[in-house]
Structure formats: structure tokens, C-alpha cells
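K.L.:
Pasting a predicted model and its sequence here:
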There are 4 protein chains.
Amino acid sequence: MRIGVLTGGGDCPGLNAVLRAVVRTAEKQYGSDVVGFRNGWRGLLDNDAMPLDRPMVHNLLTRGGTILGSARVAPQKLHDGLGRMREVLDAHGVDVLVPIGGEGTLTAAAWLSSEGVPVVGVPKTIDNDIDGTDLTFGFDTAVSIATEMIDRLHTTAESHQRVLLVEVMGRHAGWIALNSGMAAGAHLVITPEEPFDIEAVCEMVTARFERGHRHVIGVISEGATPKPGTMPLRDGGLDEFGHRRFTGVAQQLGEELERRTGKEVRTTVLGHVQRGGTPTSFDRVLATRFGLHATIAAHEGHTGQMVALQGTEIGLVPLADAVARLKTVPPSRLGETTAFTG
Amino acid sequence: MRIGVLTGGGDCPGLNAVLRAVVRTAEKQYGSDVVGFRNGWRGLLDNDAMPLDRPMVHNLLTRGGTILGSARVAPQKLHDGLGRMREVLDAHGVDVLVPIGGEGTLTAAAWLSSEGVPVVGVPKTIDNDIDGTDLTFGFDTAVSIATEMIDRLHTTAESHQRVLLVEVMGRHAGWIALNSGMAAGAHLVITPEEPFDIEAVCEMVTARFERGHRHVIGVISEGATPKPGTMPLRDGGLDEFGHRRFTGVAQQLGEELERRTGKEVRTTVLGHVQRGGTPTSFDRVLATRFGLHATIAAHEGHTGQMVALQGTEIGLVPLADAVARLKTVPPSRLGETTAFTG
Amino acid sequence: MRIGVLTGGGDCPGLNAVLRAVVRTAEKQYGSDVVGFRNGWRGLLDNDAMPLDRPMVHNLLTRGGTILGSARVAPQKLHDGLGRMREVLDAHGVDVLVPIGGEGTLTAAAWLSSEGVPVVGVPKTIDNDIDGTDLTFGFDTAVSIATEMIDRLHTTAESHQRVLLVEVMGRHAGWIALNSGMAAGAHLVITPEEPFDIEAVCEMVTARFERGHRHVIGVISEGATPKPGTMPLRDGGLDEFGHRRFTGVAQQLGEELERRTGKEVRTTVLGHVQRGGTPTSFDRVLATRFGLHATIAAHEGHTGQMVALQGTEIGLVPLADAVARLKTVPPSRLGETTAFTG
Amino acid sequence: MRIGVLTGGGDCPGLNAVLRAVVRTAEKQYGSDVVGFRNGWRGLLDNDAMPLDRPMVHNLLTRGGTILGSARVAPQKLHDGLGRMREVLDAHGVDVLVPIGGEGTLTAAAWLSSEGVPVVGVPKTIDNDIDGTDLTFGFDTAVSIATEMIDRLHTTAESHQRVLLVEVMGRHAGWIALNSGMAAGAHLVITPEEPFDIEAVCEMVTARFERGHRHVIGVISEGATPKPGTMPLRDGGLDEFGHRRFTGVAQQLGEELERRTGKEVRTTVLGHVQRGGTPTSFDRVLATRFGLHATIAAHEGHTGQMVALQGTEIGLVPLADAVARLKTVPPSRLGETTAFTG
């Protein structure tokens, strides 16, 4: 059997570990081989492929990023995307395609599957917002880095009696903010799931200093938004390349907080360091098991599925179900922070 | 309400985080207070107690070990242990006892519960061998440290064309060896669940060098044993304090391997560094949630139970069920290493 | 003898380690005692003091920040600052004052010394720009963190074929950029000592991609400036508190680079994470030795001096000399990057 | 010009970084090229060579070990070693040889130089015991790892009221024990320079517990020895391969300490983890600068020399001087620990 793989969307620690696991399992367990398509769906559309064998995936377990490269392309929106991809898959004799990616990539994978292409998806998202799996690889690494950084900010904030806000990843779901905030003892956690009330934030900050504490650490998801009507967010507008100019929510919340409370506020945007570098041991194991089980599923004919962590086991869920909704933080989990913030 | 806490067994990253979570939840969410007993069951037998309040648990989230101290005492085996403990609990007005510990501590907790004392257990074990919960805190930290150390050994082994064996914790269960071996790309993983065959190990090592590889990394659980009749383990005997003299299995396997294959073998015993220091972000979150939910269970009258990670949720399982058996690595998980070793 | 200590300027990993060393040396080696003044010179002006003894400095070796707090006050510019400080020093019976701080703090210390107050200075600066000492504590920690972060960015940049710019600390001296850039294999290092030429930067970036490389990593000191007339820097202006609005040089260089080359550019500002948290082992040793030797100097009457690392030894240099100029990166050191960039 | 390189002795973080620096400097700065000899002097004796160019040293900055391999061979003791090496050097057209290694390698290099072969040495030793240079690369990494491990042991020791002894590298010099002990707040530091008195150690331990402390952390160099006549060290004897059976000094000191004081003692031998893996940023910079300046010296005809760190500069010292004696810890440095131990 021949398996095709590609990596789509933003890069994520563990992508290379999945590739290594797919290749090793295919070769050692099934005597199959593997072909990789470069730069996500782009490589499948343009026939930009490279064979992947064991020497090529040597030393990939600990390496961040993806040797296949990645890009954000939605093949279902292209004219004749399906036809071109079918042709390329046929040309390479690919029996099953294993796309590794986030919501966008998996949505395309579900569509491809519905069109009859044998597909086994592997979920990948720093933000941990893919439904149907307890966790995704990359998330533990991102939380670890954010936690380490917030640990470092505590002493600075204390020494200078400051408010320090940290913006972490999480456009639609607050998992990174929730877990790194809980792990690093943040006094304030703001996630996209629950719009924040600037007045309540100011009151908390003021009350904390009045109780004699010397600092406040807040963790803010990049996708956090104020309650309607309470604090307008400046729009940075687009630059000439169509990129949104940076006016992060944490920065703006910080400015407003400083204006209203008179406390010194500093903001740190963690940015890309959350998604790069060597994966944690947790993510290496999860990525390896995902790659292993995706390859098994491909050989056993369980296509149209996505591998998923279910408790301690790796199971399969229908791709269509997995992409039906995003997995956001439920109110019960947000409620768990109550005893630890303020 | 007043909650009593104690920490039993070997220390473990996250114990202090549980104590902090119990105190904060009791005070902030219920207006209850907390008393700690020192040195495990010993403190409850000898009335060695200290009140725990929020200032006392400040800064405990990131601190390894346990401020309550720990000891290995089995109160159910003592003459009138029950009577003395009841008296001390009454003297302090303790409504519910929250013992945090491993198999030994939880077995005593189950017995205490069966005798009518209201108890909510919190599972703690580096080895991850407590049944009824997906994972225990401390385990991720141990695996992370072991993985980091094995990562470091790869380059030395390669530079000198050696076999490097690493002995990790795991007396009865091979979880640490399995996960750190998979995370660090070990070529050999030996766990207590599956006695090893020294001849098969020698063959693998020889074959690997013959295929042109420059090194072999093996991860061995401290509780690993050879197949009966294949390689006798020297007994180090006891010293005058009744401590077993050190003759670790990895060291002996290494000597035998060197004798039989003629390859240079070095052994590293990771030892206590696996169980000390700051917990990973994963373990901080798990420990915090365990402490939170144990305190909620205590206030809601769910006694005789142990908190447990079930997928992404914290649930409760009867203490008696949890201690009925150890959770060892199932054959299916051991089988997952096949594609990655050799 | 009684020693007074204070910590001034921005916080820095190792400040607490110096305090611990001063207290332990004073008590154990000389039977002297120590009084700390809070929030830099402010505590000396306002008589805000706390005795420091060994239990109080327990566990400080690994802790970032400063338990004394810090502030930026220039006592020599205050009306009757000298008189008030003399009074407070007398009231506490302080024989020698040990101010720990950067250029500002040490300039005040030199002035105080010139006015007859016995002073032994301890140099502290993340930026490593204090003259007369090979290195200052905090610098190695900052470089380590920056290096680890840049390591992480490599794989992301490669996976997406991007230019990634990292802004690191260094207002007047490029030591952090130089060393983290060299340690992390950056392709571009821009420091305040050598104004950059935007055209040359664009050419290098373009040439690198043309040679087939997939990414560019640049490290930029926060104090870097363009060559006059080549690229105007937007001024962010001041907010109502007099804080300069953030318009970092790296962000602006990145926008210009993207505009001119058409390559995708991302910017990360490391910010406060560089100065917080546990010091590296190098900085703990240096801080401990600085505190030890400052206390010895105080007892041996070597006042008006600053402790300094000279090769492997801790020596003394006159405070007045140390603050006469900033220690910037010499051209020979900048030249060392030639073989490693581009 | 053609430069030959080889790496001798035990592996060490930073070796690959030196190789990368030599190749990049030779190619970019001088248009020269580089040939590597495998497995130390062995490759030069056996003509086992590989050309090294820039693509081959890509990604080596962060990688531990040495891609050239290493071995312990003393060519000056071989019959006609010199003749064979000259032949191989001539065959490859090597103008200057750059051997990278410790005392053994550099002694051979000095001999080769005295025989008229143009040589520029690069000092490498985990133990930091090479004279003539302030520091060697690999040392900072070893101290960092040891410190991190000792940090972890503190909380375990405290939780169980134990003595924990850590054996670190350092056969003839106690630099690693000194610096990691000082950095991690050890209560006891034993180095080869000063034979230890078991009775004094017992008294210190007993006194510490009597003062109410809950634990003792001791750091012991592997080369430490007891004062003559105070405590005999068991000899583990040799196994059939001539390897000394392991009976480390820390283990034996621990057993004796436990026997005499009745305190629980545990011993951890850090072993090879100290010398593997990614170098610290400090060591990457030092290794890079060593490689750069060795290549410059080779091109400028400064042979018979060794590059050396002198304060903040890289200078040259005659090879013969550098190997004349080992650099051990001077009494003044050992004395610096007084205020911090006990």
C-alpha cells in the first residue's frame, strides 16, 4: 500500500513526529511506503511531492515544524481542485491520504472523503479547539512555554508592583489561557468564550492591591473580546498586503486598565514562540501514537475517520463529526478558575 | 466545615499544588478551613498537626515536595491505629479527611472509609500505576525529565558508538519507561509487565550495529526482570540498616550485554531527580483540579471516593475499587512500541 | 558592623542571590548584620527599612526579582537627598552601604561616595553595559532565554518560508543581540552600536532566499536605529502617563522589509520574559560571588569601589571609573559575526 | 589553504559548534576548505577522512556530541605514529591541523607541533581543568545540568528529611562540584583538591539536623578522596574487559555517613547526562568563537598555539604551556564556599 501525507495550516510541535510515525509504521509494520506532498494541499494540487522513507524521518521526533512545509489553501474552493488532486493521487499510486492539520485542513479532508477519496485525518492545533479528541499535540507544548514565561513574569511584576498582562494563542477557544493561567497561578484569565467586563477587571485589580498584594498577572487569549458596549477595540486596519496591523486585545486592555486604575501595566505578547521548537514528551507521545494509529486505520480500511485521543486510548471519529463544531472551553471548566483567581 | 489533609508515600511534584488547591477552594468557595497532618499517617497517629491557610500555601504551585512532609506508615497494621486517629480527628474537629498518596496511602484510606471515617482520596504516584484514573500528577513531570535526560544521552552514545541503558522509575508498571522511551526515540524499552529475554536483547543490539547504526539507547524500568532461567540477577543483599544494597537491573543487564556482545555499554540510573522539583504545567493543572474536586466532593458528601481523571473531566471512583488492583501497561500499549524500537 | 543594602533600577535575575550572599557572609564570616532599604533609593530617603537575616534570605538563591523591591529614583537630583539619606543611615547605624544596581544606581552611589558615605557597589544590568566588569549577572539568563526562544522560531520560520525578527533587550549596547544571535544561529544581528542600512538588510534577505534557503532569522536590539536618512522611525508618542507608546524598531523594520522584499515577515518582541525568573547557574554563581566580595570589601574598608568580574576573579574598580562610560560592543566583536550571518 | 580537524577524548556539548565555526570561517572568510578526520587521532592514523563543507555543518550549532566521532588514542605512544600521520596529512594537503580535545588530545597536539607539524589546538573539557584558558566550552552546560538536577533534589530531601549526595564529574578538578554546589545551594561540596574528613562531614550533617534543618544536600566530585587513614575506599576491581567496576566515592561516602549518623542517605550519580545534549547559549558562543579564532590563527600562521578565553577576549597561548599542568580549583575559590555551606 502507498500512503500520502501532507501537513496543513500553522506549524505545530509534533508534526514531524507524526510524519516519522507514519513512515516507520508503514514500512516496518506493513511493508508499505509513503509519499509526502509539500506545502499542504498546494503540493497535492501542483504535484509537488517527495518520497518519505526511514532515513528521511530520522531525528524528526524532537524537531519542531514540518519538513513538508505548510500553507493555507482551501482546495474545495478552487476550480477543479478535486480533479487535479485525484490525478496527482493516481499518478503517485496513493491508496490512502493522511492529511495532518487543523480545522481548515480537516474540513477539506472531510469534503475529499465525501467525494470518495480514502482519507484518514490527524488533528493538529495549538489551540486545542478540534472537537472529537480529548487533546491535540502541540497544545501541551504551547501551554508549557506559556507557563514558563508567566512563571518568569511573576517576580518582575512583584519587584515593581505592576500589572503584567500576557497574550497567549487562542483565537476561538481559551484552552491555552485557561491551562497556562491555572498552571502559573495567574490572578486573571480572559478567554474568548466569556467576553470580559473592563469594569470588573479594574475592580479586581484595585481590590487586589488594596488587600496588600504587590502584583497582578493576567493571561488573555488573543481572541478575547470585551462585552458589547463596555470598551471599544481599536482596529489597526490592514496594511498594503492585507495583513491586519497589530493592535492586540491584551495591549488595548492594558492601556485601558492603566488609564482607569492608575496602576503601572505592562503587556507581553508571546506570539510565535508558543508554536515552535521541540515538542514536550507528552506531545511527542501523542503525535507518535496519532501517526501510528492513522497508519493502522489506513491499512485496515477505516477511512473517512480522524484519529482521536479518548481517555488513554487512540480511537477514531468520523471526520464529518469532528469538523462540525469547534471545541471551546465549557462553562464548568471556566468555573474551575474561581478559587484560584482574584 | 473543616477538612484534614495529609500526604503519604514518596514525594511527587504536585503534592504542594494539591494542598494549595484544597486550602483555596475550602476558604474561597465554602468558607471552610483546613488542618494538615505532618508526615503522612504518622501525624494523624501522633497528633502532629498544623493549620493551613491561604498565606501558608502561597507560592506552593510551583514547588516540588510537600510542606507537610511524608512517611510510609500503614495505620491499619498498628495496634489501635483506628482509635488514635479517630481521637485526633475529633480533637481537631475534622469533618472529612483528604489523604493524598499512592497505593499504600489509598489502601489505608479505603480501610478508614470502611470503618466509617469520611474520606476523599487523591491519587498520587510517579509510576502512574493507580487504577481508576487515566493519569496521576507527577507522572508527566517524571516522563519529561527522563525524556530530557535520554535526549542528552543520544549524542554521547553516537559519538562513542556505545549502548547506553537508562534505568527509570517503575517498580510494578512500565509507564515511565514506555512513555519516555517513545518520546525520546529509544531503541529498546523494557518494562516489568514483560520479562526480558537477554538473548533477544543481545540479538537486537548486534543487529542494529550490523545495520550500520552507531548507537543503542535502552530504557529499563527499575522493576524489570529477566525471563526465568535466562539471566540470574545478583542480589545485593541488605546492609545493616535493612536497606537493599544497590544492584540495579539496568546495571546488571548492561554488564551481561557487554560481556555477550563485546559492545561498550554504559548505564545511567536516573533516580530521585525524576520525582523532585517544579511540576510540569500538565501536572500543575491536574494537581490543582484534583485538589479542587476533592474539596468539592468533601463538601457535597461524596466520601469513600477518590478523585480521578476520566478523559478531560475529573470524576469520582470508589476508593475500594481504585485500590483493588494496580494499573499496569496493557499488551496493546506495549505493542505500540514495535514500529519505533529495534 | 552593620551593612545596608538596596536594589535599584529594573529587576534582574540574581538580585535576590546577591542579597542572600551579603547576609550569609556578613553573619557567618563577620558576625555583622544587615538592614535592607525598600524600593531602591526611595527606601533610604523615606526610611523604609527591614532587617535582613538568614531565615529571610532562605530560598532566595533561585528566586528572580528582588524581595526589597525596586524603583527608579535619582537621589542626587532631589533637594536635600543627601541629608535625608545620611540621617536614615545614621538612624540605622549603617557602616557601609551596598547599593546593587545599574548605571543609574551606581552613578548615585559614586556621588554618595564622593560625599563621604562609605559605599561598595554591585553592578547589575541585563544589558551588560556596565564598564569595568567582564560581565554582570542577569545577562547570561537573558541571553539564555532569548536563545531558547530564537531556537523555537527557526522551525516555524522554515515551515512557512518566512522572515522572523526578534526584538531583544539592549537600549545602548547590543550584547544580548550579539550573543543570542550567535548562539541561536541568527542570519542577521542588528545592534545599537552600528546603525542599520535598510537596503543592505533587504539585499541580504533577498539573496538568502535566492540561494535556496527557506527562512531568515534576525535579532534586533531594542535600541537599534537606522542609518540617518534611510528609514524614518515612526514615533509612537507619549500616552497620558508619559509612557512612550509602543512602536518598536523591530516591528517597523519588519514592516518596511515586507513592503520592500514582498517576503512574509513576522516580529516577536521578547520583552519582560528576558528579565524574570530563576537565574541560570552562571548568574547564580556570579551574583553569589559579587555579594560575597562586596561584603568582604565593606569589612576591609575598600569603599568607593564596585565589585567586578575580571577573568575568573572578582576584583574591585573605583565606582567613579565604572560609571564614566557605558560598555558597548566593540567593532572587533561585531566583526566576529561576519562568518555566521547572511 | 586546507585545514584538518579532529575531535578527541570524551564528547562534550559544543564540539559540533566548533566544527561549524571552523568550516564557516574557512569558507566565508578565507575561501579555504576543511577536511575532518574520524574518531580522533585514529582517523589521522588510519586515513579515515571526510570533507566538511557548509551544508554538512548546517544545524550543528545546537547539536551535542561530534559528527566526527571520537576515540581515546595517544599517537605519540604508537610505533611510527608520526610518520603515518604526516603521510595522511600530506595526502590530503592539510596545511594546518586543528585538534579539538582535552588534556590527552592537546598533549599529543603539543608533541606534534614540536615535531614540526603546524597545529592550532582548541581546548575542550567538561571538567574545566585545562590551564591557560579561563573556561572551556561544555563546562557551563555540565554545571547547568547538575544545578538543575540538584535543584530538583532539594524538595525530595526536605520532604523525607534525608541527606542527598550527588556525584558530579571532575576527576582531578572540582570545578563542576564547586559551581553547581554554589549555584544550587548545596550544604556540602567535596572536591578532589581537598581530601575530605569523614568525621567532619558527619559532624556537619548531625549539627545541621540538630539546628532544625530538614535536609542536607552534598555535591561530590567523582575524583574526591578521603583523607589518608580516615575511611578506606572499597576497590570495585576490574571486570573481564578491564573496566573498573563501579564503586563511586559518593556512594561509599553515603553508606559510611548513614552508618555513622543514622540519618537516611541517598546517592545520585549524574553520569553521562552532564556531557550530552544541546549546549547552553554560553557554550555555543564560546565554542563558536574558539572555532573562529582557531581558523584565523591557522591562516595567520600562529601555530603551536591553543585558543583561550582571557577575560572577554579570545587569545592564544603556547600549547606546551597549556598542557604543562592541570588547572585545579585554587584554595581561594574553595574558601568562597564557607559562607554558603554547613
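P.N.:
Perfect, I can see it now. Quick caveat, the model's predicted, so the values are computed rather than measured. Numbering: from 1, shown residues only, chains lettered A, B, ... in the order given.

K.L.:
ok, the lengthiest helix in chain A near chain B or not?
P.N.:
Selection of the longest helix in chain A by residue count, based on DSSP state H, yields helix A:139-160. Yes - residues of helix A:139-160 contacting chain B under Cβ under 8 Å from any Cβ of the partner chain: A:140, A:143, A:144, A:146, A:147, A:148, A:151. Heads up, the C-betas are built off the backbone N, CA and C, glycines and all.

K.L.:
helices or strands up against that helix?
P.N.:
For helix A:139-160, the helices and strands in contact under the criterion 3 or more Cβ pairs under 8 Å, 6 or more residues apart in numbering or on different chains; DSSP states H and E are strand A:163-168, helix A:175-183, strand A:216-221, strand A:265-269, helix A:281-299, helix B:281-299.

K.L.:
close to chain C, is the helix or strand harbouring residue A:252?
P.N.:
Counting by DSSP states H and E, the element that carries residue A:252 is helix A:249-261. Yes - taking Cβ under 8 Å from any Cβ as the criterion, helix A:249-261 and chain C are in contact, through A:251, A:255, A:258, A:259.

K.L.:
okay, stretch A:256-274 in CSV with CA atoms only?
P.N.:
The C-alpha trace of stretch A:256-274 is given here as CSV (Å, rounded to 0.1, in the frame of the first residue of the first chain):
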residue,chain,number,x,y,z
GLU,A,256,-7.4,51.0,29.4
LEU,A,257,-6.6,49.3,32.7
GLU,A,258,-3.7,51.7,33.3
ARG,A,259,-5.8,54.7,32.4
ARG,A,260,-8.6,53.7,34.7
THR,A,261,-6.7,52.3,37.8
GLY,A,262,-3.5,54.4,37.6
LYS,A,263,-1.5,51.2,38.2
GLU,A,264,1.5,50.5,36.0
VAL,A,265,0.6,47.9,33.4
ARG,A,266,2.9,46.1,31.0
THR,A,267,1.9,43.7,28.2
THR,A,268,3.8,40.8,26.7
VAL,A,269,2.6,39.1,23.5
LEU,A,270,4.1,35.6,23.5
GLY,A,271,3.5,35.1,19.8
HIS,A,272,5.2,32.5,17.7
VAL,A,273,7.4,31.1,20.4
GLN,A,274,4.4,29.2,21.6
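
K.L.:
list the buried ones in that stretch?
P.N.:
Going by neighbour count (16 or more other Cβ atoms under 10 Å in any protein chain shown), the buried part of stretch A:256-274 is A:256-258, A:260-261, A:263, A:265-274.

K.L.:
Chain B contacts on the stretch 101-250 of chain A?
P.N.:
When proximity is defined by Cβ under 8 Å from any Cβ, the stretch 101-250 of chain A lies next to chain B at A:134-135, A:140, A:143-144, A:146-148, A:151, A:179-180, A:182-185.

K.L.:
Next, give me the two most distant ones among those residues.
P.N.:
Taking Cβ to Cβ as the measure, those reach their widest spread between A:134 and A:151, a distance of 25.5 Å.

K.L.:
Mind checking which of these two has more residues around it?
P.N.:
Set side by side, residue A:134 and residue A:151 give different neighbour counts by other Cβ atoms under 10 Å in any protein chain shown, the larger being at residue A:151 (23 against 17).

K.L.:
Now do the helix holding residue A:252 against strand A:265-269, angle only.
P.N.:
Put simply, helix A:249-261 runs at 180 degrees to strand A:265-269, going by axes from the mean of the first three to the mean of the last three Cα atoms, to 10 degrees.

K.L.:
Quick one: the strands in chain A, in order.
P.N.:
A:2-7, A:33-37, A:49-52, A:96-101, A:120-123, A:163-168, A:188-190, A:216-221, A:265-269, A:305-310, A:313-318 (DSSP state E).

K.L.:
give me the residue from the stretch 1-150 of chain A nearest chain B.
P.N.:
residue A:147 (3.9 Å; Cβ to the nearest Cβ).

K.L.:
these two touch, right, residue A:106 and residue A:119?
P.N.:
No - using Cβ atoms under 8 Å, residue A:106 is not in contact with residue A:119, being 9.5 Å away.

K.L.:
OK, contacts around residue A:107?
P.N.:
With contacts defined as Cβ atoms under 8 Å, 6 or more residues apart in numbering or on different chains, the neighbours of residue A:107 are A:74, A:76, A:323.

K.L.:
Buried members of the residues you listed into PyMOL, please.
P.N.:
For anyone working in PyMOL, the buried entries among the contacts of residue A:107, judged by 16+ other Cβ under 10 Å, can be selected with:
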select buried, chain A and resi 76+323
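
K.L.:
Please report how far the spatially most central residue of chain A lies from residue A:176.
P.N.:
Compute the mean C-alpha point of chain A, and by Cα atoms, centre = their mean the closest residue is residue A:126, 1.9 Å away. For residue A:126, the distance to residue A:176 under the criterion Cβ to Cβ, to the nearest Å works out to 7 Å.

K.L.:
Now for the two: what residues contact both?
P.N.:
Between them, residue A:126 and residue A:176 share these contacting residues under Cβ under 8 Å, 6+ apart: A:139, A:142, A:169, A:274.

K.L.:
Quick one: residues contacting the second one.
P.N.:
Contact partners of residue A:142, counting by Cβ under 8 Å, 6+ apart, are A:13, A:126, A:168, A:169, A:176, A:274, A:275.

K.L.:
same thing but 7 Å
P.N.:
A:126, A:169, A:176, A:274, A:275 (Cβ atoms under 7 Å, 6 or more residues apart in numbering or on different chains).

K.L.:
farthest pair in these?
P.N.:
A:176 and A:275 (10.4 Å).

K.L.:
these two touch, right, residue A:25 and residue A:295?
P.N.:
Yes - with the criterion set as Cβ atoms under 7 Å, residue A:25 and residue A:295 qualify as a contacting pair; they are 4.0 Å apart.

K.L.:
From the neighbour counts alone, determine which of the two ranks first.
P.N.:
For residue A:25 against residue A:295, the residue with the higher neighbour count under other Cβ under 10 Å is residue A:295, and the figures read 31 against 26.

K.L.:
How much space separates the more buried one from residue C:3?
P.N.:
67 Å.

K.L.:
Just put the helices and strands packed on helix A:139-160 in TSV and tack on mean pLDDT.
P.N.:
Formatted as TSV, those follow (pLDDT from 0 to 100):
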stretch	mean pLDDT
strand A:163-168	96
helix A:175-183	98
strand A:216-221	98
strand A:265-269	94
helix A:281-299	98
helix B:281-299	98
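
K.L.:
Out of the ones you listed, flag the one nearest chain C.
P.N.:
For these, proximity to chain C was assessed by Cβ to the nearest Cβ; strand A:265-269 is nearest, at 4.5 Å.

K.L.:
Direction included, what does the closest one pair against?
P.N.:
Strands that pair with strand A:265-269, judged by DSSP bridges, come out as strand A:163-168 (parallel).

K.L.:
So what's the gap between the strand it pairs with and the chain middle?
P.N.:
Mean-position distance between strand A:163-168 and its chain equals 19 Å (Cα atoms, centre = their mean, to the nearest Å).

K.L.:
what does chain A have sitting close to chain C?
P.N.:
Counting by Cβ under 7 Å from any Cβ of the partner chain, the positions of chain A adjacent to chain C are A:11, A:63-66, A:69-70, A:149, A:151-153, A:155-156, A:158-160, A:164, A:239-241, A:255, A:258-259, A:266, A:268-269, A:271-273, A:275-277.

K.L.:
Residue A:341 - how many residues pack around it?
P.N.:
Close neighbours of residue A:341, defined as other Cβ under 10 Å, add up to 19.

K.L.:
show me what contacts it?
P.N.:
If a contact means Cβ under 7 Å, 6+ apart, then residue A:341 has A:186, A:187, A:188, A:189 as its contacts.

K.L.:
from what I can see residue A:184 touches residue A:152, true?
P.N.:
No - between residue A:184 and residue A:152 there is no contact under Cβ under 7 Å: 9.3 Å.

K.L.:
Could you check how far the closest residue to residue A:26 other than its chain neighbours is from residue A:52?
P.N.:
The shortest distance from residue A:26 to any residue that is not its chain neighbour, by Cβ to Cβ, 6 or more residues apart in numbering or on different chains, is 4.1 Å, and that residue is residue A:32. In this structure, residue A:32 and residue A:52 are 11 Å apart, going by Cβ to Cβ.
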